[in-house]
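Asker: just the structure for this:
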Amino acid sequence: VGNDPDSASLEWFRRRFGPDRCTWDHGGWRFVILDSNLLKSPGKVPAEAEAQWAWLQGRLRDARARGLPVVVFQHHPLFLADPGEEDQYFNIPRAERRRHLDLFRECGVVAVFAGHYHRNALGRDGPVEMVTCGPVGKPLGEDPSGYRVVTVHRDRIEHAYVPLSPGPCGGVPA
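Answerer: Numbers count the residues shown, from 1 in each chain. Take a look at the predicted model:
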């Protein structure tokens, strides 16, 4: 949908790929996918951003009522290291970040997984872990290309970044 979504780009995405937000329950957990472009840059589609916010509140409060811990996936990280960090290209603006983090803490969100940064970064806002995953291609920091393995247990999640070994095409897992 680009860095500055509008009605046409959202319609194109949804027609081509399907919904830009969804939830599913599995193994005693709720998983949520959000369109973080609507958090980062809602200016041309404020009604879409508010519709997603209302939808999210309902899905998270339902999870809380059912005792389901929650994991959220989105493209942009809410923050990289600290929930109070300054606004920048790689994070969600503070006002929107705070609104989401408050709801996430209230409703039992355990972790938020994101990308966009092309580097690994970890942070925490109370019980909510912010996990920014490095890229499979085009790393911008010290971490090599790789992927993150997430293991979901009944009572917790564990994750680790697995670098790809060097080679002409990135190689195979080390």
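
Asker: just give me the residue right at the centre of the chain.
Answerer: Closest to where the C-alpha atoms of the chain average out (CA atoms, centre = their mean) is Gln74, at 2.7 Å.

Asker: for the nearest residue to it once chain neighbours are set aside, which residues are in contact?
Answerer: Residue nearest to Gln74 in three dimensions, not counting chain neighbours: Ser36, with 3.8 Å by CB to CB, 6 or more residues apart in numbering. The way it works is simple: take the backbone N, C-alpha and C, and place the C-beta from them, glycine included. Ser36 makes contact with Gln74, His75, His76, Ile92, Ala114, His116, according to CB atoms under 8 Å, 6 or more residues apart in numbering.

Asker: of those, select the buried ones using a PyMOL command.
Answerer: For the buried members of the contacts of Ser36, the matching PyMOL selection, counting by 16 or more other CB atoms under 10 Å, is:
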select buried, resi 74+76+92+114+116
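
Asker: contacts only, for the residue nearest to Cys107 when sequence neighbours are not counted.
Answerer: Distance criterion CB to CB, 6+ apart; nearest residue to Cys107, sequence neighbours excluded, is Leu60 at 3.7 Å. Contacts for Leu60 (CB under 8 Å, 6+ apart) come out as Arg30, Val32, Val70, Leu103, Phe104, Glu106, Cys107, Gly108, Val109.

Asker: for those residues, which one is nearest Tyr161?
Answerer: Among the contacts of Leu60, Val109 lies closest to Tyr161 (CB to CB), at 21.0 Å.
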